[in-house]
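In: Dropping the sequence and predicted coords here.
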Amino acid sequence: MTQDPDHIVIFDTTLRDGEQALHQSLSLRQKLQIAEALEELGVDVIEAGFPISSEGDFQSVKAIAGTLTRSIPCGLARALEKDVEACGEALKLAPRRRIHTFIATSEIHVRDKLRKDYGQIRDMAVAAIKCATKYTDDVEFSCEDAGRTPLDELCRMVEAAIDAGATTINIPDTVGYTLPAEFGGIIRHLKNTVPNIDKAVLSVHCHNDLGMATANSLTAIQNGARQIECCMNGLGERAGNCSLEEVAAAIHLRREYLKGLKTGIHLEKIARTANIVSKITNEPIPAHKAIVGSNAFSHSSGIHQDGVLKNRETYEILTPESVGFSGNVMHMTARSGRHMIKSCLDQMGYPPDSYNLSELYKRFLALADRKGQVYDYDLEALLFSMRQEEDDEAFVLDQFNVVSGSGGVIPVASVRLFAGRRTRTESAYGNGPVDAILNTIVRLTGIKTKLLTYKIEANGEGRDALGRVNVTVEYDNRIFHGMGLSTDILEASALAYINAVNAVVRHLRVQAARKGKTFKLPAIGTLL
Ligand code: KIV
Ligand code: ZN
């Protein structure tokens, strides 16, 4: 990583703090897709997960550590040796790696959560940092809830952490409590008071509970912090973390005011990354979200429109193109060739080795036959569904048929799906066509979940948009999510529900593996 004193290290925690706040956990493939997009964006450090927390997290951190070539992979660990060791193991494939260990330092956390005193937590932090230095010389230490920590205790902890070998000291405003001048003051105080502070990079990690996360992070860098921890689209616990796109755009746009501070973020890739993260996490971007919301560059009032027509800069501080919004929606038809598809995906930032062009083209032609015009966002949706299927899914939809109508017709569905290499076929009725399909899938898969939410919306614009269905289901006191996309909303419903059932199967496989067993798919007619 560059040693340039004006370089602000961008540490992204979408896959850790962001993921921990999602309704469902992401699959390994999804995490890899996000990590690759963040690396393309120019993120310096990617916090890939919390390896001790689950086998899934351990494997994802390991896979991401083995994949990244430019960004530094990082894993989170409580200040406990077993956590640090799991982290060190998960990261060991990476030539450069960071272990991030933390302990809470505010009075309320030390007294009521940890039930320890300051001397004890300092000893734990020092032991954890020393253990981490056996695996890497890039060790980050965080004082959780630093924003509410007495300054003298914070200084003592930071000094001890640096002496023990921490090379980055992170100051989180864990509960988003501080105001910008106050938070900037904490950073300044540390800079002026801690004797060995120059041996470490000062970092900040701000939550957005009072809507201050971006402002607090910017004030911190004006006071000497040189790393900002953030999430794409402002994801994260509760009201979220500082949003990556906001700090990156602000540091770039206000570089003169910020006296030449800069990041390595490729601003023109912001829109693409925001879109990939939103699709994969299934967290829509609010229309009014700064930088990446659909209204961020649209002008509604007559006075504004008039101004923009005369000179865009009257009401636009950034151009949409500078953050990667092209403004042109590309469209294709059944006459478009493979080359067109490839160049369209190239422009959207999908390299040719990230998908199977022949398979994609086959699906594109089928979609173009059904839909006429295919837009770039449809192509992306196709790619997304293909990747979902490649996830070694337990059940894959083959075909379905529904009979439904008014005047007392009982809706009946027949569904055929693949369970491994074998097909299963069943029929069932329901109180509507979607209910009939879902009942049939329950019979076919043998997995009975409780449907919590079912949401349908258009993916794209106009009458020929694809239907996107999102469902959440409960099984084993946990919530699982599924998404399906199709020109046919009933098919989208079936795909979404099967996707959720597949997530349940993944969970059951992990549970069985923990007991040293192999999970077998239930036979038709049995219910788990
Ligand atoms: O908000 C927080 O304090 C955290 C730490 C683990 C860095 O997420
Ligand atoms: Zn956090």
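Out: Received, thanks. Ligands and ions are numbered 1, 2, ... in the order given.
In: Give the burial count for residue 321, as a bare number.
Out: By other CB atoms under 10 Å, 13 other residues sit near residue 321. Placement of C-beta: from N, CA and C, glycine included.
In: For the remainder of this discussion, apply numbering that starts at 468.
Out: Sure thing, new numbering starts at 468, so read that last one as residue 788.
In: Next, it: secondary structure please.
Out: helix (DSSP: H, G, I helix; E, B strand; the rest coil).
In: before we move on, what about residue 881?
Out: strand.
In: ok, it touching residue 892?
Out: Yes. Counting by CB atoms under 8 Å, residue 892 is a contact partner of residue 881 at 6.9 Å.
In: Neighbour count: those two, which is higher?
Out: Using other CB under 10 Å, the more surrounded residue of residue 881 and residue 892 is residue 881, with 16 against 13.
In: And the nearest residue to residue 663 once chain neighbours are set aside, how far from ligand 1?
Out: The shortest distance from residue 663 to any residue other than its chain neighbours is 4.6 Å, reached at residue 629 (CB to CB, 6 or more residues apart in numbering). From residue 629 over to ligand 1 the distance is 17 Å, taken as CB to the nearest ligand atom, to the nearest Å.
In: Residue 798 too?
Out: Distance from residue 798 to ligand 1, by CB to the nearest ligand atom: 43 Å.
In: now swap in residue 653 and tell me
Out: For residue 653, the distance to ligand 1 - CB to the nearest ligand atom - is 14 Å.
In: Kindly indicate whether the residue nearest to residue 663 is helix, strand or coil.
Out: Secondary structure assignment for residue 629 (three-state DSSP): helix.
In: ok, it - contacts?
Out: 636, 661, 663, 664, 666, 667 (CB atoms under 8 Å, 6 or more residues apart in numbering).
In: Same list, the residues you listed, but only the ones touching ligand 1.
Out: Filtering those for proximity to ligand 1 (criterion: CB under 6 Å from any ligand atom) leaves nothing.
In: Please pick the buried ones from those.
Out: For these, a neighbour count by 16 or more other CB atoms under 10 Å gives the buried set as 636, 661, 664, 667.
In: need the contact list for the third one.
Out: This points to residue 664. The contact partners of residue 664, taken as CB under 8 Å, 6+ apart, are 625, 629, 636, 657, 658.
In: any idea how far it lies from residue 673?
Out: 20 Å (CB to CB, to the nearest Å).
In: in the stretch 868-995 of the chain, what residue is nearest ligand 1?
Out: Closest contact between the stretch 868-995 of the chain and ligand 1, by CB to the nearest ligand atom, is at residue 946 (21.8 Å).
In: and stretch 631-641, how far apart are its ends?
Out: 23 Å (CA to CA, to the nearest Å).
In: tell me which element residue 692 is part of?
Out: Following DSSP states H and E, there is no helix or strand that holds residue 692.
In: which ones are touching it?
Out: 638, 654, 669, 670, 671, 684 are the contacts of residue 692 under CB under 8 Å, 6+ apart.
In: same question, residue 966
Out: Residue 966 neighbours (CB under 8 Å, 6+ apart): 855, 860, 948, 949, 950, 951.
In: downstream neighbour of the host helix or strand of residue 827 in the secondary structure list?
Out: Secondary structure from DSSP H and E places residue 827 in helix 824-838. Counting by DSSP H and E, the next helix or strand C-terminal to helix 824-838 is strand 841-842.
In: what about that next one, average pLDDT?
Out: The average pLDDT for strand 841-842 rounds to 83.
In: Same check on stretch 555-563?
Out: 97.
In: Same question for stretch 771-791.
Out: Rounded mean pLDDT across stretch 771-791 is 89.
In: Need the residues that contact that stretch.
Out: With CB under 8 Å, 6+ apart, stretch 771-791 has contacts from 712, 716, 720, 734-739, 758-759, 763-764, 766, 794.
In: List phi and psi for the residue nearest to residue 658 when sequence neighbours are not counted.
Out: The spatially closest residue to residue 658, leaving aside those adjacent along the chain, is residue 691, at 4.2 Å (CB to CB, 6+ apart). The phi/psi pair for residue 691 (degrees, to the nearest 10) reads phi 120, psi -10.
In: so residue 691 makes contact with residue 661?
Out: No. Residue 691 is not in contact with residue 661 according to CB under 8 Å; the separation is 11.1 Å.
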